[in-house]
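Novice: test case, fold it:
(2 chains)
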Amino acid sequence: MTYFFQNVVNALQWGSFYALIALGYSMVYSILMLFNFAHGDIFMVGAYIGFGVATLLVAMSAGGAIVLPGWLILILTILISMFLTALLGMFVERVGYRPLRDAPRASAAITGLMIGIILETGNLWLLGARRVSFPSLIQTVTYDVGGVILTNKKIMIVLVALAFMLALHLFVRHSKWGMAMRAMAFDYVVVPLMGVSINTIARMTFAIGSALAAVAGILFSIAYPVLDPYMGIVFGWKAFVAAILGGRGSIMGAALAGFLLGFIEIFVAMAFPSTLRDLIAYSIIMVILVFRPHGFFGEPYSAKLRL
Amino acid sequence: MRKIPYLLVAALVAGMICSPLAWSKTRPIKVGINAPITGDNPKVGEGTKFAAEMWLEDVMAAGGIMVGGVRYPVQLVIEDNEYKPESAVKATTKMVIEDEVLVLVGPQASSQAVPAGGVADSYATPMISPWSTNPNTTKDRPYVFRGCFLDPFQGPVVANFIKGEFGFTRAAVLYDVAADYSKGLAEEFKKAWEKINGPGSVVAYESFTTKDTDFSSQLTKIKNSTAEVIFTPQYYSEVALIVPQARDLGWSKPIVGSDSWGSADLVKLCGPACSGLFFSTHYAAAGAAGATKEFIDRYQAKFGYVPDDVGALTWDSLRIVQKAIENTGKLSGKIEQDRKAVRDAMAKIKEFEGITGKMTFTEDGDPIKCAVVVRITESGEFAFHKSVCP
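Specialist: Below you'll find the model as predicted:
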């Protein structure tokens, strides 16, 4: 039984990353009807920005310029990185997607792939192929709850991820901007005629999605502190799967599907030889999609969905 | 800066030509060194060249290599292979045909040693690659030898080490199923471990694929098995993820690795979680004793830094060459005949005491030698722990 619960803990942590990244895919899709395939690499850049900010703050702290405790550095790192990565997201939208908004969907998809490659190789050029190590900001504390081993980092990762998801949910449901986003998702041809600027909403969507990717990147770096420029590719694909599984354009669906994906991967590895993990996990998802082609919360195909 | 090695070589060669020894009636023995002096990996070339210069100094101080009561002076022919396969082939051909070297040392890396070995073998010139671990370098090439062990060889070595050091009977393996090196080593380890401890003694055999970062389900499985130790033949960047994750899941038992752990970056990425762990490798500078320490000290005094495994393996390879030449008993002066004599003598070398371990060549020209087990100290050094034989 402890074995089972240990894997539940593992899956919660693993699923948090998928969920946070899948949100970004899903939000952009719901507004612009396109998948931002550079999102996995924005996650990578978010992790690297977090690495840069954290290293800088740690060095300043060690130098005695300003002495900050580790948890404060972590909070500052998350906030600053969210801001900077949001700027990057807006830049990507402005340069890569806005000029192609009326172009065929395939062109926009290819743009995303190209931006992804530019971000990866740009990083490679900037920092080299050498792996970097994310500074350890908080001391790991291990708890043994009836045989299930938890660490303070694991608990923090899951809680922070959930908090950001809840915040996004509240924002989208209960704020004026959120309402504008939902309206835009409903119909992005007519709503601009009502005086809502699609450019503003698109920019905001990219900013929020990228900020969440930065949060995912930093939490990921805390759990897996070895960073490399290609870390976002496979991870981005899998989060994309979660976004589809949750239902294209459904925010909460994406979050839930992210967790579900984490659970499927972890539990398949628990029950079967781990060599077969991805083979079996993604076969299960194939089967789910065959029976629920619109994902869990997606709307049935209509003229509105063009991808 | 690149010109300095050339100048050094030129000065050496000039010195040798002018020295009275070279003018004595015996024709000097020519040893070809095929090294990446320039190119992507000049550090490898530098280590090779420095070790060769030290060896030459020793030999010349003794008056040359003694063969059948005659002292032959030695001449090094150093060719740059630029860390490229085609240049390595060209350099080998030139040294065999133009310079008429008796024996070749190098290239070092397998990408150059595999093609160059083909050339050396077809010209029936003995060649020894100190550093190449790819089986194809020596496979079906009677004239080609190597100075290091092959990758899969570490499997039985680590199995023996764990048995001897901890006395465990149940082990777990965690490896990358998509990497040749890791997969091969994991299989070899499993085979060796089950031979020692009986079938079923590898109680968890878990894998992942390259680029994976989360190993929690595999590690939970391992922790839940009865395993007493984890063997993970992974690269240092993955080790830096695996070890802390295992610790976070409450695994407090040993984790053991292979020579792919041996990078200075390991400690930087992994931090204190990795200290106290063991892995097998070719050679360890920290904590070395005897002849190994003597070599390290001399090298450091002469060139200003601690030699890496390339330097040490080149040193051993040159001394094997020397031993083989001495063992021929007589040099005829006819180069084809002498090359064959050297090859035969080299193949017969038994229990050679090298600074990287005791070596005996197999039929393929691969040494049976002991590996070094290294312990990662609290200060992040790789310290010699013990020498383990298969």
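
Novice: rest of the way, CA atoms for contacts and neighbours
Specialist: OK.

Novice: would you pull up the residue in the stretch 1-150 of chain B closest to chain A?
Specialist: For the stretch 1-150 of chain B, the nearest residue to chain A under the criterion Cα to the nearest Cα is residue B:40, separated by 14.4 Å.

Novice: burial of that residue, as a residue count?
Specialist: For residue B:40, the neighbour count with other Cα atoms under 10 Å in any protein chain shown is 11.

Novice: now do the same contact list for it.
Specialist: Taking Cα atoms under 8 Å, 6 or more residues apart in numbering or on different chains as the criterion, residue B:40 is in contact with B:82, B:83.

Novice: cool, and the one 5 residues further on?
Specialist: Residue B:45 makes contact with B:35, B:36, B:37, B:38, according to Cα under 8 Å, 6+ apart.

Novice: most neighbours, which of those?
Specialist: The residue in those with the most neighbours, by other Cα under 10 Å, is residue B:36 (30 neighbours).

Novice: my guess is that residue meets residue B:44, correct?
Specialist: Yes - with contact defined as Cα atoms under 8 Å, residue B:36 reaches residue B:44; the gap is 6.5 Å.

Novice: of the contacts of residue B:45, closest to residue B:300?
Specialist: Sorting the contacts of residue B:45 by distance to residue B:300 puts residue B:37 at the head of the list, at 19.6 Å, by Cα to Cα.

Novice: list the contacts of the closest one.
Specialist: Residues in contact with residue B:37 (Cα under 8 Å, 6+ apart) are B:5, B:43, B:44, B:45, B:46, B:80, B:81, B:82, B:83.

Novice: next, give phi and psi for it.
Specialist: Recorded main-chain torsions at residue B:37 are phi -70, psi -40, according to degrees, to the nearest 10.

Novice: the one 10 residues further on now?
Specialist: Its backbone dihedrals place residue B:47 at phi -60, psi -40, with angles given as degrees, to the nearest 10.

Novice: run a quick neighbour tally on residue B:278.
Specialist: Residue neighbour count, defined by other Cα under 10 Å, stands at 26 for residue B:278.

Novice: for it, give me its contacts.
Specialist: Residue B:278 touches B:255, B:256, B:257, B:373, B:374, B:375, B:376, counting by Cα under 8 Å, 6+ apart.

Novice: now it. Nearest residue, chain neighbours left out?
Specialist: Nearest non-adjacent residue to residue B:278, counting by Cα to Cα, 6 or more residues apart in numbering or on different chains: residue B:375, 4.6 Å away.

Novice: wait, doesn't that neighbour sit right on residue B:383?
Specialist: Yes - at 5.2 Å, residue B:375 counts as touching residue B:383 under the criterion of Cα under 8 Å.

Novice: not counting sequence-adjacent ones, nearest residue to the residue most central in space within chain A?
Specialist: Computing the C-alpha centroid of chain A and ranking residues by Cα atoms, centre = their mean puts residue A:21 first, at 1.6 Å. The shortest distance from residue A:21 to any residue other than its chain neighbours is 5.5 Å, reached at residue A:213 (Cα to Cα, 6+ apart).

Novice: before we move on, back to that, is it possible to get JSON lines of the contacts of residue B:278 that adds pLDDT?
Specialist: Rendered in JSON lines, the data for those read as follows (pLDDT from 0 to 100):
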{"residue": "B:255", "pLDDT": "95"}
{"residue": "B:256", "pLDDT": "95"}
{"residue": "B:257", "pLDDT": "92"}
{"residue": "B:373", "pLDDT": "90"}
{"residue": "B:374", "pLDDT": "89"}
{"residue": "B:375", "pLDDT": "91"}
{"residue": "B:376", "pLDDT": "91"}
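
Novice: which among these gets closest to residue A:100?
Specialist: Minimum distance to residue A:100 across those is 50.8 Å, recorded for residue B:257 (Cα to Cα).

Novice: isn't residue B:376 right up against residue B:271?
Specialist: No - with contact taken as Cα under 8 Å, residue B:376 and residue B:271 are classed as non-touching, separated by 10.7 Å.

Novice: looking at those two, which is more packed in?
Specialist: The residue with more neighbours, out of residue B:376 and residue B:271 and counting by other Cα under 10 Å, is residue B:376; that gives 22 against 18.

Novice: OK, contacts around the more buried one?
Specialist: Taking Cα under 8 Å, 6+ apart as the test, what residue B:376 contacts is B:274, B:275, B:276, B:277, B:278, B:382, B:383.

Novice: where exactly do the helices run in the chain?
Specialist: Unless you meant another one, I'm taking chain A. With DSSP state H applied, chain A shows helices at A:2-32, A:39-63, A:70-92, A:105-127, A:152-174, A:176-186, A:198-223, A:232-246, A:251-271, A:277-291, listed in chain order.

Novice: meant chain B actually
Specialist: For chain B, the helices defined by DSSP H cover B:3-18, B:42-61, B:85-97, B:110-122, B:154-166, B:180-197, B:216-224, B:236-248, B:264-270, B:290-303, B:309-327, B:335-347.

Novice: dump those helices into TSV; add distance to residue A:221 as well.
Specialist: Conversion of those to TSV gives the following (distance: least, Cα to Cα, whole Å):
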stretch	distance to residue A:221
helix B:3-18	44
helix B:42-61	32
helix B:85-97	39
helix B:110-122	35
helix B:154-166	32
helix B:180-197	25
helix B:216-224	15
helix B:236-248	11
helix B:264-270	12
helix B:290-303	39
helix B:309-327	33
helix B:335-347	52
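
Novice: get me the contact residues on the stretch 201-350 of chain B for chain A.
Specialist: Applying the criterion Cα under 8 Å from any Cα of the partner chain, the portion of the stretch 201-350 of chain B that neighbours chain A consists of B:206-209, B:211, B:213-214, B:216-218, B:220-221, B:224, B:237, B:240-241, B:248-250, B:268-269.

Novice: just the buried subset of those, written out for ChimeraX, thanks.
Specialist: Remark: buried members of those, expressed as a ChimeraX selection using 16 or more other Cα atoms under 10 Å in any protein chain shown:
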select /B:206,207,208,211,213,214,216,217,218,220,221,237,240,241,248,249,250,269
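
Novice: of residue B:375 and residue B:383, which one has the most company?
Specialist: When neighbours are counted by other Cα under 10 Å, residue B:375 comes out ahead of the other of residue B:375 and residue B:383, with 23 against 19.

Novice: contacting residues for the closest residue to residue B:378 other than its chain neighbours?
Specialist: Distance criterion Cα to Cα, 6+ apart; nearest residue to residue B:378, sequence neighbours excluded, is residue B:275 at 5.2 Å. When contacts are counted by Cα under 8 Å, 6+ apart, residue B:275 touches B:375, B:376, B:377, B:378, B:379, B:380.
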